[in-house]
Structures are given as C-alpha cells and as structure tokens.
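*Asks:* Model the following, please.
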Amino acid sequence: MPTTVSLPDDWPAHPDRSLSLNRMGSFDWDLVTGLMHMDEAALDVFDTPPDEYDGRPESLDPRVPTAEAARLDALVSSALKSGEDSYGAYFRIRCHDGRLRWTHTQGRVMRNQDGRPYRIIGIVRDATEELSHSAERLGLDEERRRQTSVVESTTAALAHARTVRDVIDVIGDAHGLERLGSMGMVMGLVEAGRIHLVAEGPEDSFVPGTRYTRIDEQYPMSEVVRSLEPRFLDSAQEFARDYPGLWSRISYMRISAAAYLPLIAQARPIGAIGLLYQDKDGFTQEERNLLVALGSSIAQSLQRAMLLEQEHDLAEGLQQAMLPRRIPSVAGGEIAVRYRSARMGQDIGGDWYDVIPLPGGRVGAVIGDVQGHDTHAAAVMGQLRIVLRAYAAEGHSPGTVMARASVFLHELDTDRFATCTYVEADLATGVLQVVRAGHIDPLLRTRDGDCHRLPVAGGMPLGLSAEFGRLEYPVTTVELDPGETVLLCTDGLVEQPGADLDDGIQLLTSHIRRGPADLQLLADLLCEIVDERGGDDDMALLLLRRHVVAAQEGGGRLQQHVAPGDPEALVAARHMIGAAVRAWGARERADEIELVADELIVNALMHTDGPAIVTLRVLAGPQRRLRVEVEDRSSALPRRREAGESGVSGRGLMLVDRLADVWGVEPRGGGKCVWCEFVMG
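*Replies:* Numbering: from 1, shown residues only. Predicted coordinates for the structure are as follows:
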C-alpha cells in the first residue's frame with residue numbers, strides 16, 4: 001500500500017505569507033488618483049507602521065533619502081515615458097533608528113489601449129543580505145573609481161585656485177559638495193592660537209560663537225589641529241557622544257557621519273576642514289585614505305593661495321606707497337584717479353599717475369607706464385615720477401619736462417623705458433597743453449556724453465628718445481569746454497589678449513559713452529571692467545573734468561613760465577595765449593594780443609638771464625579788459641625808441657604802444673613787470 005504523507009493544514013502557503021516570510025511586500029499604485037496601496041509586509045520593508053501611512057507615496061519620504069528618491073523618480077518617469085512595461089531598482093531606506101538598509105523594488109506598468117499608463121503593480125523586498133554577497137561587491141569597483149575620480153577632479157580644480165576664496169569655492173560650492181558627496185563643510189584657518197572659521201555651508205548652517213575658537217577647546221576641528229590626525233565620526237551617536245556642545249546646535253541638520261581633516265603644510269597645521277554627510281553609514285578604510293589624500297591636496301593649495309595673497313598684498317602696498325598719497329583739489333575742475341594691480345604674474349608694475357599743482361592755478365596731470373612687471377619696474381617708476389614732478393614744478397614747458405625726464409631715465413642704471421602722457425591744464429580758460437611720449441592717445445568725453453579719441457602729436461618713449469638723440473616732444477594745445485572730461489590711462493585698461501589695440505580703445509569709448517555722468521562713478525565702472533576681465537597687466541587711470549560755471553565778468557587768469565634757451569617753452573606760451581584769448585571771448589583781437597605778448601616775452605628773454613613769467617587776466621569793470629603781464633629779473637626799465645635812431649632794439653615797444661589800449665612798467669622787487677591791457681568787446 002502506498003505510504004500516506006500528512007501535510008500541514010495551511011499547505012500550500014498563501015502568497016501573502018510567502019511574501020511576508022521573505023521580507024517581501026506588494027503595492028498597487030493608481031496613477032490617476034496618485035494613491036498607492038501597500039500591504040503590511042511592504043510597509044514592514046519600509047520600517048513604517050500601518051498607522052503612519054495614509055495611502056500617499058509622499059508619506060514614505062522620511063524613509064527614503066533625498067538622493068535615492070530622486071534616482072527612483074527618474075527611473076519610474078523614464079519607464080512611463082519610454083513605453084516600457086516594467087522596471088526594477090536597488091535603493092536604500094533609512095530605518096527609524098537611523099540605519100540605512102538596502103531595498104529592491106520591481107514594478108509592472110499597466111497601460112490602456114492608447115498606451116497611456118494608469119497603474120503600477122509591484123513588489124518591494126529587503127535586499128540587505130543579497131547585496132552583501134553580490135550586488136554590493138559588484139558596485140565596489142565602481143565606487144572605488146568614483147572616489148578616485150573625486151580626488152583627481154578636486155585636485156585639478158584646486159590647481160587653478162590663486163586665493164583662499166578660490167580654494168573655498170572649489171570645495172564649498174554646490175558643485176564641489178556634490179562631487180564630494182557631502183551636504184556641507186566647514187573650514188578654519190589657524191590664526192594666533194585660534195581657529196578662524198572662514199567658510200561654512202550650507203549658507204544657513206553657521207553656529208553662533210564658532211567664528212573664532214581656541215585650539216584647546218572641545219571641537220572636532222580643534223582636536224585635529226592639536227593632534228595632526230584626522231577624525232572620522234561614523235554615526236550621529238558618536239558625534240553626539242564626543243562633541244555634545246557642538247552636536248546640540250547642529251543636530252537639526254540630520255548629520256549621519258562627518259570627517260574632520262587637519263590641513264598640514266610643511267609639517268605644521270594651517271587649518272582644518274570638516275565634511276558633513278547625510279545618509280552615510282560610516283567610512284570604509286579606502287574612503288578614509290582618499291579623504292586624507294584630499295586633505296593634503298587642499299592644504300597645499302591653501303598654503304599656495306595664502307602665500308600668493310601675502311605677496312600680492314606686499315606688492316600692492318609697495319605700489320601704492322609709490323603713488324601719490326593724496327590728490328590735490330583743483331580750482332575749476334574735478335579729478336578722479338584709480339589704480340588696479342595685475343591679477344597674474346608679480347602683481348606689481350610700473351604704471352603710475354600723478355597730479356601736480358602748478359603756479360597760477362594750473363595743474364599738471366601725468367599718466368605713465370614703465371616697461372616690465374616686477375619690483376625693478378616699480379622702483380624706476382617711483383624715481384621717474386619724482387623727477388617729472390620736480391621738472392614740472394620748476395616751471396618748464398611740457399615739452400621740456402618730457403625731454404628732461406627722458407634724459408634722466410636714460411642716465412639711470414636701467415634698461416627700462418617708459419611711455420607717458422603729460423597734460424598741463426588751466427581750467428579757468430580750458431587750455432590744455434598735451435605732450436605724449438610713446439603712450440596711447442587720451443580720450444575726450446563731451447558734455448553730452450559722447451566720447452572720442454583725442455589725437456596728440458607724440459615723441460619716442462622716455463629713455464629711448466635720449467638714447468637715439470630725438471628729444472623733440474611737440475606740444476598739442478586743446479581747448480577743454482566746461483563739462484568736458486579728459487581720460488588718461490595705461491594700456492591695461494584697453495588691451496585684451498588676442499585683440500587689436502584699436503578695438504580695445506573703441507570698446508572703451510563705448511563703455512564711457514554708456515557710463516554714469518558722475519566722475520567717481522565712471523572711474524569705478526572702468527575699474528570693474530578691468531577686474532572682471534582680469535589679465536596680466538596693471539592699470540592706472542586719471543580723469544580730469546572742467547567744471548561748468550556761469551560766465552563771470554572777471555576772474556579768468558592764466559600764468560606760464562618761459563625758461564631762457566627753451567624754444568619749446570616759447571612756442572607753448574604762444575599756443576596758451578592764443579587759446580586763452582579765444583576762450584575768454586576776445587577772438588576779434590586775438591592777433592593783436594598774441595603779437596604784443598610775444599614781443600614782451602622775447603624782449604624779457606633777450607635782456608635778462610632768467611625766465612619770463614607771463615600772466616593773462618580778465619579784469620572786471622565798466623569795460624571788460626584783458627591784461628597781459630610779463631615779469632623778468634632785470635630792474636632796467638624798457639625804453640621806446642623813435643625811428644631814425646641806430647639799431648632796432650627797443651622798437652618792439654612802439655608796436656606795443658600802437659596795438660595795446662594802455663601799457664606800462666612796474667618795478668617788482670628784484671625785477672620788473674611790463675603790462676598792457678586790451679578792451680574786450
């Protein structure tokens with residue numbers, strides 16, 4: 001007889017029991033209403049009691065880490081859009097006790113006759129044991145490659161960091177944190193026995209009272225600085241146990257692990273960095289090794305950045321010390337000056353500006369650039385600025401000032417040359433005398449905001465003109481109307497890599513046209529353009545504007561020194577007189593005034609051994625009169641000679657007598673002053 005086998009009463013097992021015993025549950029997701037039914041076994045996989053689930057998938061958000069949820073959403077969306085009938089994925093959930101557990105889901109997509117999905121029926125199961133033997137091992141190599149790539153890409157990004165801020169941005173911005181797999185970071189630098197917190201992220205994560213902390217305090221960054229050893233916190237419980245004071249203020253960030261690394265350079269700690277993680281269950285030995293290597297790379301980049309910043313500060317301080325400490329105020333006008341050092345190379349160069357008060361209310365404006373970008377260029381610049389200022393203050397004409405500066409530079413023990421533009425301005429009349437030595441032309445901004453290049457005759461750069469014996473520097477006389485602005489700059493403002501200089505000047509003129517009317521704001525705008533562009537050249541900028549003033553009956557005054565044996569000074573004085581006469585409204589008598597003034601100047605130079613001082617003034621009264629005064633050091637009074645006397649000396653006074661409305665001579669201490677007046681229409 002066949003043997004009778006007794007079977008259990010509940011055999012075969014119900015599918016629900018089979019699923020439950022294998023830690024597997026089912027779900028039914030209605031895509032139309034958005035509701036998802038999950039049986040008790042499925043909720044158990046998610047470590048969620050039935051009373052905490054209300055049928056909405058959003059109720060499971062606390063159990064699924066953000067990164068995992070985003071990956072699942074992308075997977076399901078792809079399956080629905082591509083027309084696939086099923087999908088499957090491994091992902092992690094966070095249990096109530098904070099542990100992370102691997103889970104697997106598989107779903108079947110139900111579609112109507114039109115192919116539109118309306119329902120997903122599937123299962124979820126605990127995959128921890130499975131992955132510990134297979135999938136986890138398969139992903140180990142990929143994770144190792146990812147971590148190695150993190151260190152390599154971060155190190156490559158740090159190679160371009162030139163400032164401490166650059167280093168912080170590489171590590172602490174959203175891209176950097178994503179690359180590291182971290183949700184936040186803190187970085188501190190060692191300063192005078194304390195740790196100065198220089199960066200923290202995310203933005204709202206700063207803990208009050210931790211901006212400066214002592215190295216002996218119970219903080220993880222302090223500990224790694226003291227010990228020079230990294231500290232890995234594998235769980236929230238370990239963090240709370242070892243650093244309760246800090247944990248009590250950051251527990252809301254749901255940190256599950258943290259790595260604090262000392263930043264060591266040349267065997268001494270320069271700071272520390274902390275990387276904070278969510279959804280991370282401790283650190284493997286390989287992860288620890290990679291983070292230590294990353295800390296070493298950050299420390300090297302940080303030390304390099306700190307040294308570069310120190311060098312830049314030192315160089316910029318030296319450069320600023322050689323520039324004028326203050327800019328004098330000028331009657332009838334406004335001046336704005338700016339300097340920007342290069343952001344590459346030695347960060348110091350030979351660019352400079354200067355503003356020189358001159359007799360008679362005039363002002364000298366200088367812009368220049370010594371060849372090179374090093375301390376030698378800066379030293380030459382400082383000497384050249386001083387001698388050029390001295391020559392201008394002595395009363396030499398602009399052409400003579402430039403020629404003497406060129407000789408000085410040539411005789412200096414240097415192989416450097418310099419380009420320069422010097423402007424002698426009388427803002428009362430608007431007369432500008434401009435000399436250019438190999439420099440770029442000035443720009444002129446009109447009162448209505450238009451801007452164009454101001455062509456100026458030029459000579460060779462300073463130093464070279466003396467070497468080749470070509471010391472002629474022609475003077476260009478320009479009349480600056482009220483409200484107009486002259487811009488002087490070095491080529492760092494207009495030159496761009498790979499672009500033509502003319503293109504750079506055209507671009508600059510367009511910026512000036514669109515720029516603000518306020519002089520200081522315009523200077524700031526031009527500096528911002530340089531800062532944004534960066535580059536390997538420094539930049540000096542000088543803006544000179546003539547004020548808009550109501551016409552006055554008197555008050556116009558102009559003075560010029562004319563040195564003996566200086567033909568350029570005589571030519572410059574003639575230009576100045578002609579421009580001033582026209583600017584003051586005496587154009588119909590311009591030829592007479594120029595002729596008389598020229599006669600008086602030549603007479604003074606011929607009969608004295610010192611300079612002539614020419615002064616033009618507008619006198620108020622019933623009739624507006626223009627007065628010309630020529631002073632010299634001789635006390636001998638001039639004498640008018642009639643026709644028929646021997647020689648020609650002195651006959652110029654007959655010309656003065658005929659053309660001027662009135663003239664005379666006044667003793668002036670050790671010399672005299674010959675003057676004449678003309679009635680202005």
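*Asks:* Does the residue most central in space within the chain lie in a helix or a strand, and which?
*Replies:* By C-alpha atoms, centre = their mean, the mean C-alpha position of the chain lies nearest to Asp531, the distance being 3.1 Å. Assigned by DSSP states H and E, Asp531 falls within helix 519-533.
*Asks:* Could you pull up the mean pLDDT of that helix?
*Replies:* In this model, helix 519-533 carries a mean pLDDT of 87.
*Asks:* now do stretch 419-436
*Replies:* In this model, stretch 419-436 has a mean pLDDT of 89.
*Asks:* ends of that stretch, how far apart?
*Replies:* Counting by C-alpha to C-alpha, to the nearest Å, the length from the leading to the trailing residue of stretch 419-436 is 8 Å.
*Asks:* quick revisit: quick check, the residue nearest to the centre of the chain in contact with Arg340.
*Replies:* Yes. Asp531 sits in contact with Arg340 when judged by C-beta atoms under 8 Å, with a separation of 6.7 Å. For glycine as for every other residue, the C-beta is placed from the backbone atoms N, C-alpha and C.
*Asks:* Pro482 - that's part of a strand, no?
*Replies:* No. Read with DSSP: H, G, I helix; E, B strand; the rest coil, Pro482 is coil and lies in no strand.
*Asks:* neighbours of the nearest residue to it once chain neighbours are set aside, just the number please.
*Replies:* Of all residues not flanking Pro482 in the chain, Val548 sits nearest, at 4.2 Å (C-beta to C-beta, 6 or more residues apart in numbering). Using other C-beta atoms under 10 Å, Val548 has 10 neighbouring residues.
*Asks:* Contacts only, for Val548.
*Replies:* Residues in contact with Val548 (C-beta atoms under 8 Å, 6 or more residues apart in numbering) are 447, 482-483.
*Asks:* how near is it to Val431?
*Replies:* For Val548, the distance to Val431 (C-beta to C-beta, to the nearest Å) stands at 17 Å.
*Asks:* Which strand runs longest in this structure?
*Replies:* Of all the segments of type strand in the chain, defined by DSSP state E, the longest one is strand 100-111.
*Asks:* how about the helices in the stretch 451-600 of the chain?
*Replies:* Chain-ordered helices for the stretch 451-600 of the chain, with DSSP state H, counting those that start in this stretch as the definition, fall at 464-467, 501-514, 519-533, 567-583, 590-607.
*Asks:* Tell me which other helices or strands the first one touches.
*Replies:* It stands for helix 464-467. When contacts are defined as 3 or more C-beta pairs under 8 Å, 6 or more residues apart in numbering; DSSP states H and E, helix 464-467 sits against helix 398-411.
*Asks:* which SSE is Gln383 in?
*Replies:* helix 375-393.
*Asks:* number of nearby residues for the closest residue to Met539 other than its chain neighbours?
*Replies:* Computed as C-beta to C-beta, 6+ apart, the closest residue to Met539 that is not its neighbour in sequence is Gly492, at 3.3 Å. Other residues near Gly492 come to 22 when the count uses other C-beta under 10 Å.
*Asks:* now swap in the one 4 residues further on and tell me
*Replies:* The number of residues packed around Gln496, counting by other C-beta under 10 Å, is 12.
*Asks:* Surely Pro359 touches Gly395?
*Replies:* Yes. Counting by C-beta under 8 Å, Pro359 touches Gly395, with 6.7 Å between them.
*Asks:* Which residue of those two possesses the greater neighbour count?
*Replies:* Counted by other C-beta under 10 Å, Pro359 and Gly395 do not tie: Gly395 has more neighbours, with 19 against 12.
*Asks:* Helix, strand, or coil at that one?
*Replies:* Local secondary structure at Gly395 is given as coil here, using three-state DSSP.
*Asks:* Grab the nearest non-local neighbour of it.
*Replies:* Closest residue to Gly395 apart from its sequence neighbours, by C-beta to C-beta, 6+ apart: His561 at 2.9 Å.
*Asks:* ok, what's across the strand from that neighbour?
*Replies:* His561 has the following beta-bridge partners by DSSP bridges: Ile613.
*Asks:* Would you enumerate the residues in contact with it?
*Replies:* Going by C-beta under 8 Å, 6+ apart, His561 touches 359, 394-397, 569, 611-614.
*Asks:* Out of these, which comes closest to Met187?
*Replies:* Distance from Met187 was checked for each of the contacts of His561 by C-beta to C-beta. The minimum falls on Glu394, at 56.7 Å.
*Asks:* so who does the closest one touch?
*Replies:* When contacts are counted by C-beta under 8 Å, 6+ apart, Glu394 touches His561.
*Asks:* hmm, 10 Å instead?
*Replies:* Contacts were defined as C-beta atoms under 10 Å, 6 or more residues apart in numbering; by that measure Glu394 touches 400-401, 404, 561, 563, 611.
*Asks:* for the helix or strand in which Asp166 is found, packing partners?
*Replies:* Of the helices and strands defined by DSSP H and E, Asp166 is found in helix 164-172. Contact here means 3 or more C-beta pairs under 10 Å, 6 or more residues apart in numbering; DSSP states H and E; on that basis helix 164-172 packs against helix 135-158, helix 174-180, strand 184-191, strand 194-201, strand 268-277, helix 285-322.
*Asks:* What average pLDDT does the longest one get?
*Replies:* Okay, so that is helix 285-322. In this model, helix 285-322 has a mean pLDDT of 77.
*Asks:* Could you identify the helix or strand that succeeds that helix?
*Replies:* Tracing the chain past helix 285-322, the next element assigned as helix or strand by DSSP H and E is strand 333-340.
*Asks:* Against which helices or strands is that next one packed?
*Replies:* The contact analysis (3+ C-beta pairs under 10 Å, 6+ apart) places strand 333-340 against helix 285-322, strand 350-357, strand 363-370, strand 418-426, strand 485-489, helix 519-533, strand 539-546.
*Asks:* Pipe the ones you listed into a markdown table and attach distance to Gly585 per row.
*Replies:* As requested, these are arranged in a markdown table below (distance: least, C-beta to C-beta, whole Å):
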| stretch | distance to Gly585 |
| --- | --- |
| helix 285-322 | 43 |
| strand 350-357 | 27 |
| strand 363-370 | 23 |
| strand 418-426 | 16 |
| strand 485-489 | 23 |
| helix 519-533 | 27 |
| strand 539-546 | 16 |
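*Asks:* Of the ones you listed, give the one that comes closest to Glu588.
*Replies:* For Glu588, the closest of the helices and strands packed on strand 333-340 is strand 418-426, at 21.7 Å, according to C-beta to C-beta.
*Asks:* next helix or strand past that closest one?
*Replies:* Later in the chain than strand 418-426, the nearest helix or strand by DSSP H and E is strand 431-437.
*Asks:* roughly how far is that following strand from the heart of the chain?
*Replies:* Mean C-alpha position of strand 431-437 versus that of the full chain (C-alpha atoms, centre = their mean, to the nearest Å) differs by 31 Å.
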